[in-house]
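Participant: this is the structure alone, sequence omitted:
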């Protein structure tokens, strides 16, 4: 039965469509990489772009789930920007098998590595390692972006960690195939050669620790690029690479054939039956979710438009009502959903509770549900619209810190896959308890309405304004109402920019910004990937529930 549509519904729907249109527009610009001229130059060299290579490699372009598409957005402007972090990553099927694909974009500073490039590569490897996905590297990079080498080279989570991960994946039996389809220089040369198999494209691919200019400067030797590290050198003389191919398409066809021969590994064994579409229309999510983030709405109605047959089995339905815990199926997969309920509700004691706030009873309920899902090997889906834990004397006396700590403990020690969707607010410790990025979700995405921060913009701006006003007064500088408002507006504007989904996605706090109507597809893709890796035994730790 369709939900009744009214003026409020239509306003919400229009607002969401505008936000999605902005997402699509920004993404279209990002997909141009370094621009039309650089794409044309690449084609003139007989090479495909990173995105063209991926599109040719995978079975179905529509099936590709891009990760980190907004990485680097509005960053490094002094260097001309770095669209998508200069590398395209995501999960796609190659001969029916889900694979992680990492493709350097040579149109962006010749594929050089900015700090966000390294972070994005590490995130792709992390997903591949956690989910035991075969990983394909399409290498075409000039190496570290030298003006920022101090922010990409030496630290634990920098460039070198990538090669460490190569070794760890190889040891764990996770297949890695690398194709040298352009430049591959200096330390970057280790990535393809530390993979299990390496291909190189004749005449356009080259790999060496030092290029011709550096060799000349270092030892006085004159050597051209082909002789130093071309396909013939490494396939016939050094034996560094395994396959010499004439062009990009043959290279990608060869990768398809190699992937096609990989055997199967142990699965996690998550329960799946035949998928059934939601009975309620997913399109209605657009009108149910409010344009105004402070307005209440029924989170359960959104869940019913995501799950199979719109059917839910609610856990402790009448207890801890500001969190919804329910079993359901998504595209046939059994899931446990933990979602912030944004309706104003009455507790069992008859007290009114604010929607989107975590109270002691809701934290207790969620903790027990998370333990149950781990015991039964059911993947967990967290859906955020949380303003934090309840504060005040009554909550503190009731032990909100301890109850919240129990929930955080259960999330931290959970061994079944955790998949996170930030729908709306994700503030303070609520972000942690609902499995924010710090708590190792297998994948985490945001809707265009997401806001991630310590607290809401108005609250933060009021706090910071009062601190600044007091500081000025202490220095003997009077502050009138006009000046105070100017300070507030300036602080709030900056804070609001930092809470947008774009800000989060550009820094890889989330893996992608998705259309709310595609939430079901995303969750199914994430669980299918997670099913490739058996789960460890669950232990809740020292906190007793």
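Facilitator: Right, received. Where do you want to start? The model shown is predicted, which means the values in this text are computed figures rather than measured ones.
Participant: start to end distance for stretch 82-98?
Facilitator: Across its full length, stretch 82-98 reaches 28 Å end to end, with Cα to Cα, to the nearest Å as the criterion.
Participant: was I right about residue 98 contacting residue 532?
Facilitator: Yes: under the criterion of Cβ atoms under 8 Å, residue 98 is in contact with residue 532, at a separation of 7.2 Å. Any C-beta I mention is one placed from the backbone N, CA and C, and that applies to glycine too.
Participant: can you list residues touching both of the two?
Facilitator: Contact criterion Cβ atoms under 8 Å, 6 or more residues apart in numbering; residues bridging residue 98 and residue 532 by contacting each: residue 133.
Participant: what strand or helix carries residue 88?
Facilitator: When secondary structure is defined using DSSP states H and E, the element that contains residue 88 is strand 87-94.
Participant: gap between that strand and the chain center?
Facilitator: In this view, strand 87-94 has its centroid 13 Å away from the chain centroid, taken as Cα atoms, centre = their mean, to the nearest Å.
Participant: for it, give me every contacting residue.
Facilitator: Looking at strand 87-94 with Cβ under 8 Å, 6+ apart, the contacting residues turn out to be 50-51, 54, 57-60, 63-69, 98-105, 111, 117, 120-121, 123-124, 127, 133, 136, 255-256, 259-260, 525, 529.
Participant: so what strands line up beside it?
Facilitator: strand 65-67 (antiparallel), strand 97-104 (antiparallel) (DSSP bridges).
Participant: tell me which of these is the most buried.
Facilitator: For those, the largest average neighbour count (mean count of other Cβ atoms under 10 Å) is found in strand 97-104, namely a mean of 23.
Participant: which element follows that one toward the C-terminus?
Facilitator: The element immediately downstream of strand 97-104 (helix or strand, assigned by DSSP H and E) is helix 115-131.
Participant: which among the contacts of strand 87-94 end up buried?
Facilitator: Applying 16 or more other Cβ atoms under 10 Å to the contacts of strand 87-94, the neighbour count classes 50-51, 54, 57-58, 64-69, 98-105, 111, 117, 120-121, 123-124, 127, 133, 136, 255, 259, 525, 529 as buried.
Participant: please report phi then psi for the nearest residue to residue 130 once chain neighbours are set aside.
Facilitator: On the basis of Cβ to Cβ, 6 or more residues apart in numbering, the spatially nearest residue to residue 130 that is not a chain neighbour turns out to be residue 442, at 5.8 Å. The phi and psi values for residue 442, taken as degrees, to the nearest 10, are phi -60, psi -40.
Participant: is it correct that residue 442 is in contact with residue 419?
Facilitator: Yes: using Cβ under 8 Å, residue 442 is in contact with residue 419, at 5.9 Å.
Participant: between those two, which is the more surrounded one?
Facilitator: Neighbours per residue, other Cβ atoms under 10 Å: of residue 442 and residue 419, the larger number sits with residue 419, 26 against 22.
Participant: sec struct for the more buried one, please.
Facilitator: With DSSP: H, G, I helix; E, B strand; the rest coil as the basis, the three-state label of residue 419 is strand.
Participant: who does it form a beta bridge with?
Facilitator: Partner residues in beta bridges with residue 419, using DSSP bridges, are residue 381, residue 443.
Participant: OK, contacts around it?
Facilitator: With Cβ under 8 Å, 6+ apart as the criterion, the residues that contact residue 419 are 379, 380, 381, 382, 441, 442, 443, 444, 523, 526, 527, 530.
Participant: isn't the last one up against residue 272?
Facilitator: No: Residue 530 sits out of contact with residue 272 when judged by Cβ under 8 Å, with a separation of 11.9 Å.
Participant: what about these two, which has more around it?
Facilitator: Neighbour comparison, residue 530 and residue 272: the larger count goes to residue 530, with 25 against 16 (by other Cβ under 10 Å).
Participant: how about the nearest residue to that one, chain neighbours excluded?
Facilitator: residue 417 (3.7 Å).
Participant: distance check, the one you found against residue 522.
Facilitator: As defined by Cβ to Cβ, to the nearest Å, residue 417 lies at a distance of 13 Å from residue 522.
Participant: and the two? which has more neighbours close in?
Facilitator: The neighbour count for residue 417 versus residue 522, taken as other Cβ under 10 Å, is higher for residue 417 (25 against 20).
Participant: name the nearest residue to residue 222, ignoring sequence neighbours.
Facilitator: Once flanking residues are discounted, residue 222 sits nearest to residue 216: 6.2 Å by Cβ to Cβ, 6+ apart.
Participant: phi, psi of that neighbour?
Facilitator: Phi and psi for residue 216, reported as degrees, to the nearest 10, are phi -60, psi -40.
Participant: quick check, it in contact with residue 228.
Facilitator: No: with contacts counted by Cβ under 8 Å, residue 216 stays clear of residue 228, the gap being 10.6 Å.
Participant: the more surrounded of these two?
Facilitator: Between residue 216 and residue 228, counted using other Cβ under 10 Å, the more crowded position is residue 228 (18 against 13).
Participant: please name the residues that touch residue 300.
Facilitator: Counting by Cβ under 8 Å, 6+ apart, the residues that residue 300 touches are 312, 324, 339, 341.
Participant: in TSV, list those along with distance to residue 303, neighbour count and secondary structure.
Facilitator: Written out in TSV, the entries for these read as follows (distance: Cβ to Cβ, whole Å; neighbours: other Cβ atoms under 10 Å; DSSP: H, G, I helix; E, B strand; the rest coil):
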residue	distance to residue 303	neighbour count	secondary structure
312	6	20	coil
324	7	28	strand
339	6	23	strand
341	10	24	coil
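Participant: farthest pair within the residues you listed?
Facilitator: 312 and 341 (12.7 Å; Cβ to Cβ).
Participant: strands along the stretch 401-545 of the chain, start to end?
Facilitator: Counting by DSSP state E, counting those that start in this stretch, the stretch 401-545 of the chain has strands at residues 418-427, 443-446, 451-453, 512-513.
Participant: save those strands as TSV, and put in distance to residue 494 and mean pLDDT too.
Facilitator: Conversion of those to TSV gives the following (distance: least, Cβ to Cβ, whole Å; pLDDT from 0 to 100):
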stretch	distance to residue 494	mean pLDDT
strand 418-427	17	97
strand 443-446	20	98
strand 451-453	12	93
strand 512-513	21	98
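Participant: now those as TSV including distance to residue 266?
Facilitator: As requested, the strands of the stretch 401-545 of the chain are arranged in TSV below (distance: least, Cβ to Cβ, whole Å):
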stretch	distance to residue 266
strand 418-427	21
strand 443-446	21
strand 451-453	35
strand 512-513	28
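Participant: wait, which of the ones you listed is closest to residue 289?
Facilitator: The closest of the strands of the stretch 401-545 of the chain to residue 289 is strand 418-427. By Cβ to Cβ, the value is 6.8 Å.
Participant: ok so, going back, Serialize the contacts of residue 419 to JSON lines and add fields for distance to residue 488.
Facilitator: Supplementary listing: the contacts of residue 419 in JSON lines, determined by distance: Cβ to Cβ, whole Å:
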{"residue": "379", "distance to residue 488": "43"}
{"residue": "380", "distance to residue 488": "39"}
{"residue": "381", "distance to residue 488": "38"}
{"residue": "382", "distance to residue 488": "33"}
{"residue": "441", "distance to residue 488": "35"}
{"residue": "442", "distance to residue 488": "40"}
{"residue": "443", "distance to residue 488": "37"}
{"residue": "444", "distance to residue 488": "32"}
{"residue": "523", "distance to residue 488": "40"}
{"residue": "526", "distance to residue 488": "40"}
{"residue": "527", "distance to residue 488": "44"}
{"residue": "530", "distance to residue 488": "45"}
